[in-house]
Structure formats: C-alpha cells, structure tokens
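Asks: Using only what follows, build the 3D model:
(chains A, B, C and D)
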There are 4 protein chains.
Amino acid sequence: MIVVMSIGASTKEISDVIAHITELGFRAHLSQGEERSIIGVIGDDRRVPEPDIFTTMPGVERVTRISAPYKLASRGFHPQPTLINLNGTAVGSNKIAVIAGPCSVESRSQIIETAHAVKEAGAVALRGGAFKPRTSPYSFQGLGEKGLEYLADARAETGLPVVTEVMEPGLVGLVAQYADVLQIGARNMQNYALLNAAGQSQRPVLLKRGMMSTMEELLMAAEYVLSNGNSQVMLCERGIRTFETYTRNTFDINAIPVLKEKTHLPIIADPSHATGKAEYVLAAARAAIAAGADGLIVEVHLNPAEAMSDGAQSLRPEKFVKMMEEVTKIAAALERTV
Amino acid sequence: MIVVMSIGASTKEISDVIAHITELGFRAHLSQGEERSIIGVIGDDRRVPEPDIFTTMPGVERVTRISAPYKLASRGFHPQPTLINLNGTAVGSNKIAVIAGPCSVESRSQIIETAHAVKEAGAVALRGGAFKPRTSPYSFQGLGEKGLEYLADARAETGLPVVTEVMEPGLVGLVAQYADVLQIGARNMQNYALLNAAGQSQRPVLLKRGMMSTMEELLMAAEYVLSNGNSQVMLCERGIRTFETYTRNTFDINAIPVLKEKTHLPIIADPSHATGKAEYVLAAARAAIAAGADGLIVEVHLNPAEAMSDGAQSLRPEKFVKMMEEVTKIAAALERTV
Amino acid sequence: MIVVMSIGASTKEISDVIAHITELGFRAHLSQGEERSIIGVIGDDRRVPEPDIFTTMPGVERVTRISAPYKLASRGFHPQPTLINLNGTAVGSNKIAVIAGPCSVESRSQIIETAHAVKEAGAVALRGGAFKPRTSPYSFQGLGEKGLEYLADARAETGLPVVTEVMEPGLVGLVAQYADVLQIGARNMQNYALLNAAGQSQRPVLLKRGMMSTMEELLMAAEYVLSNGNSQVMLCERGIRTFETYTRNTFDINAIPVLKEKTHLPIIADPSHATGKAEYVLAAARAAIAAGADGLIVEVHLNPAEAMSDGAQSLRPEKFVKMMEEVTKIAAALERTV
Amino acid sequence: MIVVMSIGASTKEISDVIAHITELGFRAHLSQGEERSIIGVIGDDRRVPEPDIFTTMPGVERVTRISAPYKLASRGFHPQPTLINLNGTAVGSNKIAVIAGPCSVESRSQIIETAHAVKEAGAVALRGGAFKPRTSPYSFQGLGEKGLEYLADARAETGLPVVTEVMEPGLVGLVAQYADVLQIGARNMQNYALLNAAGQSQRPVLLKRGMMSTMEELLMAAEYVLSNGNSQVMLCERGIRTFETYTRNTFDINAIPVLKEKTHLPIIADPSHATGKAEYVLAAARAAIAAGADGLIVEVHLNPAEAMSDGAQSLRPEKFVKMMEEVTKIAAALERTV
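Replies: Sure thing, here's the model as predicted:
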C-alpha cells in the first residue's frame, strides 16, 4: 500500500501518517519526491480492508493498494491449476467441458429428453434451474424441489451430473442433496451468506460473475467460498452490463485470458447469457474456446418458442449439435479436446 | 407489446405470429407499413415475462414492451404518495427525513454517542450496520446480534428509530425484532428470497438501488416487497457504477425526479455512498434535496480515521451539523422543512 | 510514478528497471516489502506519457501514476479561481451565469425572439447552434454561416453575448468572428486539432465533457486549450453515458464539487442534455446550483414540438422563467446570486 | 415509429397526435388497447430524426423507432457483402486480412524494418500513425508529414499498402496522397466534418468504433461516409469503455456477429486496443477470428519498451509470428484462410 501525500503536505502531517502506519503494525518507508512525498506501507496490506481510510488524515491525497486483495484464489500463491471432476472430465485440464440444458426445468419429460439430447451431442453435465431468480415477481419462479427431483431423474437416466442454481443459504442443504454442482447466479455473486453456505457444503461451486462486477470482485467472491474450506470453485464469465443495447449483455472475452493468468481456478463461459440471442451463441461459444475457456455452459431447449424462461437465447438441440462440432474444431486448433 | 416483423416477412409468418398471440389469450392488431408489418398485442402484457421470446418465431425482428412491467409501485395505478412514518415524520411528505449514523456499529458507547450527536443535529432516525456485506471475507463483518442490541440501546436512550441492514432471509425475523426499518443493501437488491422475506415482515423497508441496476429494476425489486403485502417501501438512490474513477460511485441525481414521477414511494438519497468521499458529501446532499429527494441517509462517525468501515466517506459530527444547516436552507428554498 | 514489481522478481530485473528509470533522467527509490519490491520514480512523471510501458520489462507487474497528468488546469498550480467575463458577469465568481437559447438557430426571427425572452428572464448570454453535430447524416445540420449572422443580429438587438459551437478547426476563424464564446461539443472533446485551434483563438471556450470521458480526460482536453495560450476555459458537465435508459444521459452531479476542487476553471452544468427530457430539467438545474456550479447552459425553444433538434429537452420560455426563479432561490440559500 | 399514449390520454390528445403525424406526411394507424392507445406512424420514419419530439405533445408517454436509422450501411438494403481490395486480398471475403505495424511511425528505419517483419509473417497491409491523437498535449504527437513519407518508403520497399490515421478534415487530402486506407480513430468516430471529408476522398476508410459508442452509432458514422459517395468502409471493433479496470478496454466480441448480421461492410478487430496488454493480444486475436471477424489490425513494435506510444500493448515481431500461426489455425477450423 502506498500513501500519496498532497503537494505541500507538512512535515507534521507526514510524520502523523507514519505514526499511524506504525501503530497498525506495518513499517513505513518514506520517499521524498520533487513535488510531494509518498509513503510505502511494508507488510501484508490485505489486513487493511479499506486503504482509503488514510485519506481522512490531513495532508493525504490518496492511497494505492499494491497487493491483490485475494489470496486463496490467486495463482501467485497456488501456481498449479485446480481441476474439478465432472463425471470423469477434469475441468481445468486440456479437455473442455460443456454443460448444457434448459434455463428452467419445466417438466420431468422435458428435462429427461433434453438430457438425452445434450449427452448425445457431447455435453458432460446437465444444467437446469429449479429455483429461478426472476426480475419480476409475476414471472415463473421455477418448480422448486419438484424440479430438483426431475433433475435427479434425468441424471439417473443419462448419467449426466447436475448443475443447478441455489438462491438462498437456507436451501444449500436441500439443493446439495440433488445437485452435483451448486450454481451461484450473477445476481447473487455478492450474496455473502450464500457464498459462506456454499463454502461449507461439499459440492463444487459454479460461481457466475455479477453483471455489475469487476474481475477482482469475482475473485473476492470466490475467496469467500475458498476461505470456508471448499476449494472446488469454477468461475463463469456470462457477460457484463454496458451501454450497448443490441445484445442482452456484453461478453467480456478479455476476462478469459486475464482470469487464467490471475487465478488457478477453471474458467467457464456462458455464451447464452453473454449474448442473449440464439443467433449469436455459436459465434460467442467459438470465441470463448479460442480465448482459452475451460468449458461452456449453454442453454438448450426442445422448443424455445414455448420456453418458460430465456427462450430467445436457447439453442434447439440440432443447433447445439452444430455448436459442439464447431467448438470441437476450434479446440482442436488449440490442441485441446471437447 | 408490439411485435416488429422483419422487412420481407411472409404472410404465413405474420399469420403464425397472430395465431400465437391469440393462443396466449391476447388480441392481435396488425398494422401494415411501407417497409414492414407490426403487430400490436392487446391485453395486459405483464403476463408475458419475456417479450423477446417472440423473436424465436420466423420473420420476427424484435419486440417492444409498452407497459411498465411493475404495477403496485407505479404512480399510474396509485397516484397518491405513500407516506411512511418514521418517529412522527411522514417520509414522503413535505418534511424531509434525515437518517444518520455510522456505517458499522462498533461498540455500545460509539453507537449511543453517535445517536445523541445526530439527534441533536436534527436526524429523525439512526442508521448503523450490525451485519455488514463486505467485498473481502477478511474484513470486519459486523457485530451481528450484539450490534442489534446496541442499536436498541441507542434507541432507548435517544428515542431515534433504528434503520439497519438485513442480509439474508433467515435473519429477517431476528433483525425485525430490533429494527424499525429493514435496510436491503445495494448488493442484495435482486436477492429475491430476501425481498420476499422482507415483504412478509411488518417493518418498513429501505431498498437501496443496486450499483448497476436500472431504475426499472429497482421498481421491480420494490414490486417483490409490495406484492408480498408490505406497502411500506422507501427507495434509495446511492450512486451507480460507471467508468468514472475520481469518485466511488456516480450519483444518479436524475433518478430523483424520474422516480418521483414513476412511483408513489418515497425517495431517499445516500450522498455518502454516492460520492465515497467525505469532502463531497455536503455538495451531494444539497443537490439531492434540490432535486426533490424526500430524505437522506448519511454516514456519520465520531472519528472517521478509526472507523471499521467506510471511514473515508463518513462525516464527523460537526460536519454533519453543517450539512443539516445547508440542507435546511435548500429545503426552505423549495418550501420544505427538514 | 511507482513501479510495482511482481512477487518473485529477481534482483537483476529490479536493477534493470532502476537503470531504465535513471536513463530516462529520473531518480529511482527502491522500497523492499515483505512480498515484493516497489520502485518510486522521483521527478516530474508527466514526462512519461504512458507509465504502462514499464510493464514491458520483465518482472514488472504494474505501474501507478502519482501526479495528475494536467498542470495548467490544476488548482494545485493555480489556486485562484479563473474568472471569465460574460457581458459583465464574472463567470466563476459568486454570481451564477445562465446561458440559454435554442439548440439550433432555425430562423432570424426565432433566435431574436428567443434572445429577448431569455434575457428578460435573466440569462446573461445566448446559446444557439449554427453548425450542428448530428448522429444521422440525414438530419438537419444547421444553418451554417447564415445562422451565425442571425446570432449576431440577436446580440445587436439584445446585447446578449453569443455562445455557439464550432466543429472543425478550419472554421474556428469564421465562428470566432461572430461568437463571443466558442463551444466545443461533447463529441469533439478529444478532437485535438480543434482544441489546438480554439487554444490559438482569442475567444473564451466552453468545453463540454464527452459523454464517454472521465473528469481527468476533460481536464486534459482543457490542458490542450490552455497550453496553446488561451486561459479562458469553462468546463461543462452535460451528463455521461451509462446503462440507465430512462434518461438520455446520467448527470454526473459529483463532477461539480470534484472539478471545483481539482481545477480553478469555472464549471457550467447543462441540465438539458444531462436529462434529455424537459420535465426533469428544473430538478437538474436546481441540483447543479446546489452542488456548486458556476453557471448553467439551458435549451429554450419557443415551441418545442416544432424544434428542428432537441425539442424533447427544450424548455418553453415560461418554464424557463420558472427555472430562473427556482435556481435564484437555491443560489440565495448558498449566498450566491444569479 | 410508434407513439405510445399515456394511460388516460384524452380523445383530443390522441387526435392531435394523429393530426400532427398527418401534417408531417405520414399515415397514422390507431390501435386501442385495454390500458392505453398506441399510434403507428406509417412511412419512412428515418425522416423524423428525433422521434422523442412527440413526447412534447400532451398525452404522449414515449415513442419507439421501428426502422434502423441507417440505410446504406444496412444489410437489409444491400444483402451482398462489400469487398474491399487490400493489395489483392478482398477484405470481407473468406480470406482474413491482417494489418500490422507500430502505433507510431518513429523513424524511417523503424517503419521499414517493421514492414519487412510483418510482411514476412503474413500481414497484407502496414499500419503506422504519423498524426497521433494523444490524451496529453505534452505527449509525442507523431512525425506528421515526415511520417507519411516514411510510410510511403516502407510501401515502396515491401509492397504493403499503408493504413494510417487522419485526424482533421483539412488533412484528408494530404494523408490520402500517401495512404492506401484512411483510418478514422475511435475519438473521431463522431467527428462529422472528418467523416464527410473522408467520404469525399477516393480512399477506403477504416472506421474505428468509439470507445463509448453503440453499434448503431458506429453504423450511423459509416452512413456519413457512405452517403458522401464512398462505399469502401471497413468497421473496426477495438474495445469499449466499461467499469472493468484490469484491461484497458472491454473487447465487445459480440459486436462481430451482430455487425456481420446488420451490415454488409467488413468487420476488422483490433486486439491490441481491445485488451491494452501484449500478454492478452493473442487470446483476443484468436477469439476475434473465431467469432467471424474479416480481419485484424495489430500493433507490432521492434522494441516495445522503447516505443513512443502504446508500448505495453505492442507485440514483438516474434510474438506476432506466433499470433499469425495461431489465427491461421483458428481460421482453418472455420474453413477460412489468412
């Protein structure tokens, strides 16, 4: 951490800052420039959650953090990639994992039929929402536990592990009984009670980036899960909110190489939410793999026009087959497999 | 809702869309333009949660919603302003309500001393966090129930009602035992389980806008609370996230007149989070009142340099006194009182 | 400037960076922390236009600039406020200057009639566009030089100085013949050839913030004008682009106190563009004055429904009279006059 | 265009709007819903540059445009892809065009040596800036005409056509004497005088998207060039500005498939600016090709640590060779060539 003093800060102000740094258990290192002084804070500045607090002291202009505020999620402290087993596929390895299924579980037959279709096309896991976060209280909110049962039925029929969202800490136990992977949705990325509960469960977690969240905040959210003792976290880039309106979200493709560099956790991309329109999903899926993603999570619906949620961005099964063919070729160009 | 057909959509495609609209229980109204056809959907289109689903049909270019998706929060359906009683002040009336206190409850003496200070300066309620949402798992997370007790002690001493945050549905009951107003924080604006739980409690709710949520999403979040039977909701503009980095957030001052027009609910502004720096809080507070806010929620700390959270944006009590003087003058210019 | 080395950077990498700093004519100051080293660069780091270039050296993680990159615009180097004379009003003083008029000059009679109306209501200068930046090549592009003549006629009739936009360097001379103040529009804030040309003219400049520009970039754009020898620059906050769609722009009200602190130049607010809708302009104008703006620039049209541009955000003259009354009251509350 | 009336709009208000629509030369088509009326405007609504103006009429709630505001750039009106010849490569065809070179021309030998290097690696054109838009007036502003001469020398030596930026209308003639393609930079995307001048030249134009411009605005900017009679326009996605700070810009990869659908013009991606850091350029370049880009423009520098601009995002020649190998493989996976 570095404390930048104002031009014209007095000697007294400088020594007060140094005294305060020392009080906090750090060492201070003063560097006097031509215009102003800067003071380095030597020690683990993760212990100062809000460096800005120094700006309350007279003569301080601003404060800059040096260390990343996350540690368990950092590749610096854990150079080896974390691998997460999904039905025999090590997510984070050279093999790319594709998770597919409907936005919402709508009926037993729908989820089973979809599971067969995506498995045949090469998916390694089944997605499907039983508890749905919806902008409107008047929208379909999911089948709840009944939906979880249908997901388990689909797993029993196809062998595909189940990825499904949990929306509140009190339901982590229930969802974990049925699910193989707990999904934490974009709106809940900073729902700390939920992150803590997921961190205490034994299930791998698929953590989606908030539509309003920086990569650093995503890594800090992962840190919540990791610091509760659960090391099985996959990060998911699913598009962020910007001023652009032609697409539902802006797919932050840069996040893939950046996160691969910053963290050892696997990175999954969600081309369905990242674009919001089925006609752009294939291009986004190809781009994600080309950028180095470890996997994809994709919405597939037997009949998108009748879908109870996210119909506009869901692929029909035959389109999903085409997507798998294309991403397999892209993966091969990078010497990876799907 | 209006379905815009592509240039060159066929007669068959148009009639298929009309048939689908009719199936859903609406009437369709075709309007043939020079370049293309558009089809009006007559009926309450709030029943179609995702108008975009029509884009899955051949020949459809896009769909435009006509009605606002919220109803209970809408001034169109409820022209009278909602008034919320806060210790005798009707929030939403001509009298402006100022809620003040520390970001976090840090000790019994701290919260009681602060309560006295803000009361004396004219605050009508006390804020203070017992459960704190923190970006880092390593930061101070609040005193929990002990903090709630201290808040109750401060109320007992000063008579000020207590506004405090609740972060998970399972704690709504506990927090409601101590709090007069339940605060739902920016990160939880779309935590639907929490909104539902708050909607089922008997306490007024202060609902903060998410840092990257639109006003429409804020109104939809309020709709969750309202549709659960709790009509006592105050909305809070606290700054949104943009590309600007000189301030912590960008204070969306426009939201004040816009929300006053769209909804009957009172609008509170939070100049502390909206700026993130104590030196800008007074200007932002004055602007909020000038723009028509019904109240303010402001962070005040006895010694910001020692605050356990949000020190950089907290006012010292003497600065808060000055703020009250200034906003009182601005209010008077608009024939309102504080 | 501070160079942050990676965890594990070698001694050789550190000494190479120090050597490079020395080569560039700075002194280097090494500070060895527990995890990593940081190297302070002593000297005027404005001479290094792209501090990031150090990240091309092995072992460097990132670089942080310490000094603001602007100097002439900085209050640190020029503590006294700059005052700009507008028809006897010193813009930047305690007296608030209101500039008003139509978006576009549409006819001689229109601009003269509007000039009389806004003068009567208390405006100190007349705005009106003769050259118009339009998103569409098919939209009305302004009357050009004829429009400038009409503006001069309106000045002759009313005595109001004229503020009008110039869009290309080759026209600065022509526009300066007619205009009292050269406006540089938001889309041209980083049109450096234009900034240079305006800097070489003798006219005061009203520089609007780009809708996509940070405050720092606005100050750097001002630096272009100032460094060409023209010290008469007014900055204008007119709203920035965000994800919010209920308003045309998001009015960054924080920019007013922040810019007042960072620079000695006067700050004007444009509530018309900042909201985009006439019904919100009064609230935004009041807020701007309450936040400390030195002036306003407001669109007024005799008949907004017939305006050739910006009709939706233009005030009718009677509404402008009301605005003047309200901002006068707000100004009085702050012991300022209009 | 559709005019949405308020709930409760009177018959008189509705008939006034219809009368106004008719006056403007359109036909009006009234559709009475349960809650409110909507009025379709039949005719080419591109003639109404600001649909919002209807909101100035009593009883009007809002107005929605139906047609895209661009026409010449639209694939609807010009289904065949536009091909632009670049040294024998038809940009927009199955063959991918890579343009490479330094950010700035720094010396004759530098640009010639770089030209040889990028040609050998497979680039079809040379980029290099002679006139540089710089945020700071104190930064290197380019070599000017001398830089253009060096570019011409590099072309003479290597046969590579030259792509270089022009920043002001008055210099279009000069730059066009030396350049094969005129680049219009992100900051100038809405510099209409420049767009008009480029539209009147005979040179192909590489038009970069503004860092906070929507795709629609990019297409409207292209419309300026096209409507001046120059049909040779390439669009360039180079990253947009968002809240994310780990990268210089956010690469809007979605823009590639979206623009391919909306327009017949070729789409080039700029992975250098889209990421801002050399270590992420290869991933972004691969992603761009995988998403369907017709070409790339990439910054290459012989010694990035000594570059006079954009060093941090410039590839060394050997890294550029690697990039070409990788994008060639990705292209092959899509049955395209480089």
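Asks: can you map out the strands along the stretch 201-338 of chain A?
Replies: Across the stretch 201-338 of chain A, reading from the start of the chain, the strands by DSSP state E, counting those that start in this stretch fall at A:205-208, A:233-237, A:267-269, A:295-299.
Asks: May I see those strands arranged in a markdown table, with mean neighbour count, distance to C:Ala332 and mean pLDDT as well?
Replies: From N, CA and C alone the C-beta is placed, and that goes for glycine too. Converted to a markdown table, these look like this (neighbours: other Cβ atoms under 10 Å in any protein chain shown; distance: least, Cβ to Cβ, whole Å; pLDDT from 0 to 100):
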| stretch | mean neighbour count | distance to C:Ala332 | mean pLDDT |
| --- | --- | --- | --- |
| strand A:205-208 | 27 | 52 | 98 |
| strand A:233-237 | 27 | 53 | 98 |
| strand A:267-269 | 27 | 57 | 98 |
| strand A:295-299 | 27 | 59 | 98 |
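Asks: want to throw those strands into a markdown table with distance to A:Ile18?
Replies: Compiled in a markdown table, the strands of the stretch 201-338 of chain A are given as follows (distance: least, Cβ to Cβ, whole Å):
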| stretch | distance to A:Ile18 |
| --- | --- |
| strand A:205-208 | 40 |
| strand A:233-237 | 39 |
| strand A:267-269 | 42 |
| strand A:295-299 | 49 |
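Asks: Reformat the ones you listed as TSV; add distance to chain D.
Replies: As requested, these are exported to TSV (distance: least, Cβ to the nearest Cβ, whole Å):
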stretch	distance to chain D
strand A:205-208	16
strand A:233-237	11
strand A:267-269	10
strand A:295-299	13
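Asks: what about those, which gets the closest to C:Ala68?
Replies: Checking the strands of the stretch 201-338 of chain A against C:Ala68 by Cβ to Cβ gives strand A:233-237 as the closest, at 33.7 Å.
Asks: Alpha carbons only: can I get that closest one in CSV?
Replies: As requested, C-alpha coordinates have been extracted for strand A:233-237 and formatted as CSV (Å, rounded to 0.1, in the frame of the first residue of the first chain):
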residue,chain,number,x,y,z
VAL,A,233,-14.8,-23.4,-7.5
MET,A,234,-15.3,-22.8,-11.2
LEU,A,235,-15.6,-19.2,-12.3
CYS,A,236,-18.1,-18.2,-15.0
GLU,A,237,-18.0,-15.2,-17.4
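Asks: Can you list the strands that that strand pairs with?
Replies: Each strand pairing with strand A:233-237, determined using DSSP bridges, is listed with its direction: strand A:205-208 (parallel), strand A:267-269 (parallel).
Asks: Quick check: phi and psi at A:Val172.
Replies: phi -60, psi -40 (degrees, to the nearest 10).
Asks: Helix, strand, or coil at the closest residue to it other than its chain neighbours?
Replies: On the basis of Cβ to Cβ, 6 or more residues apart in numbering or on different chains, the spatially nearest residue to A:Val172 that is not a chain neighbour turns out to be A:Ala197, at 4.2 Å. Per DSSP: H, G, I helix; E, B strand; the rest coil, the secondary structure class of A:Ala197 is helix.
Asks: Which pLDDT does the model give A:Ala197?
Replies: The confidence metric pLDDT takes the value 97 at A:Ala197.
Asks: Tell me who's in contact with A:Arg302.
Replies: Actually, residue A:302 is Leu. It isn't Arg. Counting by Cβ atoms under 8 Å, 6 or more residues apart in numbering or on different chains, A:Leu302 makes contact with A:102, A:110, A:113-114, A:117, A:316-317.
Asks: Recalculate using a threshold of 10 Å.
Replies: Taking Cβ atoms under 10 Å, 6 or more residues apart in numbering or on different chains as the contact definition, A:Leu302 lies against A:102, A:106, A:109-111, A:113-114, A:117, A:314, A:316-317.
Asks: May I have the phi/psi pair for it?
Replies: In terms of degrees, to the nearest 10, the main-chain angles of A:Leu302 are phi -60, psi -30.
Asks: For the one residue in chain A that gets nearest to chain B, grab the count of nearby residues.
Replies: Among the residues of chain A, A:Met212 lies nearest to chain B; the distance is 2.9 Å by Cβ to the nearest Cβ. Applying the criterion other Cβ atoms under 10 Å in any protein chain shown, we find 22 residues in the vicinity of A:Met212.
Asks: list the contacts for the closest residue to it other than its chain neighbours?
Replies: The spatial neighbour of A:Met212 that comes closest, neighbours along the chain excluded (Cβ to Cβ, 6+ apart), is B:Met212 at 2.9 Å. By Cβ under 10 Å, 6+ apart, the contact list for B:Met212 reads A:210-213, A:240-242, B:186, B:189, B:240-242, C:242-244, D:243.
Asks: 6 Å instead?
Replies: In this structure, B:Met212 makes contact with A:212, A:241, B:241, judged by Cβ atoms under 6 Å, 6 or more residues apart in numbering or on different chains.
Asks: Name the nearest residue to the second one, ignoring sequence neighbours.
Replies: Distance criterion Cβ to Cβ, 6+ apart; nearest residue to A:Arg241, sequence neighbours excluded, is A:Met211 at 4.5 Å.
Asks: still on that earlier bit, point out the ones among the contacts of B:Met212 that are inside helices.
Replies: Using DSSP state H, the subset of those located in helices is empty.
Asks: buried set for stretch A:269-283?
Replies: Neighbour-count burial for stretch A:269-283, counted by 16 or more other Cβ atoms under 10 Å in any protein chain shown, picks out A:269-283.
Asks: ok, which pair from the residues you listed is furthest apart?
Replies: Among these, the pair separated by the greatest distance (Cβ to Cβ) is A:Ala269 and A:Glu279, which sit 17.5 Å apart.
Asks: I'd assumed A:Ile96 was in contact with A:Ala331.
Replies: Yes: using Cβ atoms under 6 Å, A:Ala331 makes contact with A:Ile96 at a distance of 5.4 Å.
Asks: what do those two both touch?
Replies: A:Val338.
Asks: quick one, which of those two is more surrounded?
Replies: Looking at A:Ala331 and A:Ile96 with other Cβ under 10 Å, you find the greater number of neighbours at A:Ile96, namely 25 against 20.
Asks: With adjacent residues omitted, what lies nearest to that one?
Replies: The spatially closest residue to A:Ile96, leaving aside those adjacent along the chain, is A:Val338, at 4.7 Å (Cβ to Cβ, 6+ apart).
Asks: residues contacting the one you found?
Replies: By Cβ under 6 Å, 6+ apart, A:Val338 lies in contact with A:96, A:327-328, A:331.
Asks: Among these, which pair sits farthest apart?
Replies: Every pair in the contacts of A:Val338 was compared (Cβ to Cβ); the two farthest apart turn out to be A:Ile96 and A:Thr328, at 8.6 Å.
Asks: Show me what from the stretch 151-300 of chain A comes close to chain D.
Replies: Proximity of the stretch 151-300 of chain A to chain D, by Cβ under 6 Å from any Cβ of the partner chain, involves residues A:214-215, A:242, A:244, A:246-247, A:250-254, A:257-258, A:275, A:280, A:283, A:286-287, A:290-292.
Asks: What degree of burial does the residue in the stretch 51-200 of chain A that chain D sits nearest to show, as a neighbour count?
Replies: When you check the stretch 51-200 of chain A against chain D by Cβ to the nearest Cβ, the closest residue turns out to be A:Ala68, at 10.3 Å. Residues contacting A:Ala68 under the criterion other Cβ under 10 Å number 18.
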